[in-house]
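Asks: when you get a sec, could you give me coordinates for this:
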Amino acid sequence: MPDRRWYLWPGLSALVVAYILLIVDSGFSFVEAYTLPLGVAALGVGGYLVRRDQQTPTWLVLGPGLAIALLPSVPQALADPTGLRALLLGVAALAVLVAGVRLHWQAPFVSGVVILTALLLFNIGPYANAAPRVVLIAIGSAILLGIGITWEDRVRDGRKVVRYVRSMR
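Replies: The predicted structure is shown next:
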């Protein structure tokens, strides 16, 4: 059996190509039909590898699965930030973020934070453009004044956050 192990990669590649051709032939037009099953499979394998070897960095084994599962939906979700796709992507990113915090894994934590931040900024953007410039300048000034007054505390808090994220696997 060990002499046939090298058949695994061409076989998996053929399976992925066959799956994609089947989806294309079926007429599905949403990208998640192509990427989500592959991403979930990659996350399952990555989760197994992380549990098996506690020293394995999560970016190495979970990063590809997170990228395949989440990133293809981001452009379409940002194009329509109030649509169902954006909502489902936000829920998925929040679930990934919570899993990263609970399991102390850096890759899911950072992926969830980045996607949720992008969705939040794209949802706030139209309201920020509609507000009068004086209001935006006043809000920005108040935020900068608050940061300036509590600068030492913010630096200490920032260092704590960086230590916390670096301590994750």
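
Asks: the most centrally placed residue in the chain sits in which helix or strand?
Replies: Centroid check for the chain by CA atoms, centre = their mean gives Ser111 as the closest residue, at 3.1 Å. Under the criterion of DSSP states H and E, Ser111 resides in helix 106-130.

Asks: would you mind listing the buried residues in that helix?
Replies: Across helix 106-130, burial judged by 16 or more other CB atoms under 10 Å covers 106-113, 115-116, 118-119, 122. C-beta coordinates here come from the backbone N, C-alpha and C atoms, glycine included.

Asks: among those residues, show me the least confident.
Replies: Scanning the buried residues of helix 106-130 for pLDDT, the low point is Phe122. It has 88.

Asks: which residues touch stretch 115-128?
Replies: Contacts to stretch 115-128, defined as CB atoms under 8 Å, 6 or more residues apart in numbering, come from residues 70, 74, 77-78, 81-82, 86, 89-90, 93-94, 96-97, 136.

Asks: circling back to that earlier point, please produce CSV containing the buried residues of helix 106-130, extended by distance to Glu152.
Replies: Shown next, in CSV, are the buried residues of helix 106-130 (distance: CB to CB, whole Å):
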residue, distance to Glu152
Gln106, 27
Ala107, 32
Pro108, 32
Phe109, 26
Val110, 26
Ser111, 31
Gly112, 29
Val113, 25
Ile115, 32
Leu116, 28
Ala118, 30
Leu119, 32
Phe122, 33
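
Asks: show me the contacts for Gly112.
Replies: Contacts of Gly112 by CB under 8 Å, 6+ apart are Ala93, Leu94, Ala95, Val96, Leu97, Val98, Gly100.

Asks: equivalent analysis for Val113, please.
Replies: Contacts of Val113 (CB under 8 Å, 6+ apart): Leu97.

Asks: could you rerun that using 10 Å?
Replies: Ala93, Val96, Leu97, Gly100, Val101, Val165 (CB atoms under 10 Å, 6 or more residues apart in numbering).
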